[in-house]
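Engineer: Turn this into a structure:
(one chain, ligands or ions: 1)
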Amino acid sequence: MKKIEVCLSPELIHLYDSRGKIVIIVDIFRASSTIVAALANGVSSITPFKDLNACKAMQEKGFIIAGERDGKQAKGFDLGNSPLAYLKGIYKGKELAITTTNGTNAIDTIGEEASQVLIGAFINLNATVSYLKNTKEDLLIYCAGWKGKFNLEDSLYAGALADSLDSYYVTECDSTLAFRTLYQTQRKNLKDFISNASHTKRLQNQDIEKDIDFCLSLDLYNAVALVEKGKIIALRNA
Ligand SMILES: O=C(O)[C@H](CS(=O)(=O)O)OP(=O)(O)O
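Structural biologist: Presented below is the predicted three-dimensional model:
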């Protein structure tokens with residue numbers, strides 16, 4: 001049977017072997033939610049960058065550029081890191097380049113040894129669950145955390161995904177067991193529970209409560225986000 005594991009922070013990723021596995025990267029506040037929202041609202045592809053200047057240079061190539069550092073829109077960029085910026089198909093058909101504090105950094109650390117790399121968010125949880133049910137490989141859920149530290153919202157997403165896939169995978173991984181159980185106890189109270197998280201408080205100070213609320217909404221979209229040859233694209237479930 002397939003196996004599932006959860007890596008709670010980029011500082012721990014060297015302890016995991018991603019060879020031949022599906023790796024799903026999660027950064028609920030806000031990069032992975034923003035990536036899924038952008039693709040579901042018609043952005044044709046998203047190229048993630050670790051480096052701010054490399055991302056900015058993509059503007060000359062006709063890309064829309066989104067840049068965020070410490071929760072704020074980076075200087076000279078078209079957009080910051082808000083998923084709400086992509087609603088109503090404003091950027092439909094456009095190519096996007098994006099760099100964020102934690103999320104695109106985590107994407108950068110996963111090499112080509114993984115069999116597939118997905119990007120996960122609560123807003124497409126069920127779509128990702130349906131997709132993964134039909135795959136053969138083991139699964140590694142990789143939480144982007146905050147500046148190397150563990151965070152609650154990414155870990156609870158990992159618990160939600162593990163819980164939804166319970167009959168499809170086995171696990172000997174303690175972080176999977178811990179967060180599946182925490183999700184089961186908090187699932188009816190998820191928004192309130194995560195509102196205590198450090199990252200929620202940090203972003204609330206930046207007046208982006210609407211983003212937080214959006215990122216914690218379940219199953220708004222049926223698109224699955226897949227990294228392919230350095231770009232993130234949408235797969236739509238049948
Ligand atoms: O803008 C965000 O949501 C965060 C910024 S911060 O590090 O939490 O201040 O970036 P992300 O890469 O999406 O975690």
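Engineer: all contacts plus neighbour counts: C-alpha atoms, from now on.
Structural biologist: Will do.
Engineer: Contacts for the lowest-mean-pLDDT helix or strand in the chain, please.
Structural biologist: Among the helices and strands of the chain, helix 198-204 carries the lowest confidence by mean pLDDT, DSSP states H and E, at a mean of 83. Identification of contacts with helix 198-204 by CA atoms under 8 Å, 6 or more residues apart in numbering yields 29, 71, 146, 151, 194-195, 209, 212.
Engineer: May I see the buried residues of that helix?
Structural biologist: 199-200, 203 (16 or more other CA atoms under 10 Å).
Engineer: With stretch 212-225 instead?
Structural biologist: 212, 214-217, 220-225.
Engineer: Export these to CSV and append columns for distance to the ligand.
Structural biologist: Listed next are these as CSV, based on distance: CA to the nearest ligand atom, whole Å:
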residue, distance to the ligand
212, 9
214, 12
215, 10
216, 13
217, 15
220, 19
221, 19
222, 21
223, 19
224, 18
225, 16
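Engineer: What separation do you get for residue 93 and residue 197?
Structural biologist: Residue 93 is 35 Å from residue 197, where distance means CA to CA, to the nearest Å.
Engineer: Residue 146 too?
Structural biologist: 11 Å.
Engineer: again, but for residue 144
Structural biologist: Distance from residue 144 to residue 197, by CA to CA: 15 Å.
Engineer: more crowded one of those two?
Structural biologist: residue 144 (32 against 13; other CA atoms under 10 Å).
Engineer: surely the more buried one meets residue 29?
Structural biologist: No. In terms of CA atoms under 8 Å, residue 144 does not count as a neighbour of residue 29; the distance is 9.7 Å.
Engineer: Please export the C-alpha coordinates of stretch 51-71 as CSV.
Structural biologist: This file holds the C-alpha atoms of stretch 51-71, laid out as CSV (Å, rounded to 0.1, in the frame of the first residue of the first chain):
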residue,chain,number,x,y,z
ASP,A,51,15.0,35.3,-5.8
LEU,A,52,13.3,38.7,-6.0
ASN,A,53,15.4,40.2,-8.8
ALA,A,54,15.2,37.1,-11.0
CYS,A,55,11.4,37.2,-10.6
LYS,A,56,11.3,41.0,-11.3
ALA,A,57,13.3,40.5,-14.5
MET,A,58,10.4,38.4,-15.9
GLN,A,59,8.3,41.6,-16.4
GLU,A,60,10.4,42.4,-19.5
LYS,A,61,9.4,39.0,-20.9
GLY,A,62,5.8,40.0,-20.7
PHE,A,63,5.0,38.2,-17.4
ILE,A,64,2.7,39.6,-14.7
ILE,A,65,5.0,39.7,-11.7
ALA,A,66,3.9,39.1,-8.1
GLY,A,67,6.4,39.7,-5.3
GLU,A,68,6.0,39.6,-1.5
ARG,A,69,8.4,39.9,1.3
ASP,A,70,7.3,39.9,5.0
GLY,A,71,3.7,40.1,4.0
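Engineer: This completes my enquiry, with thanks.
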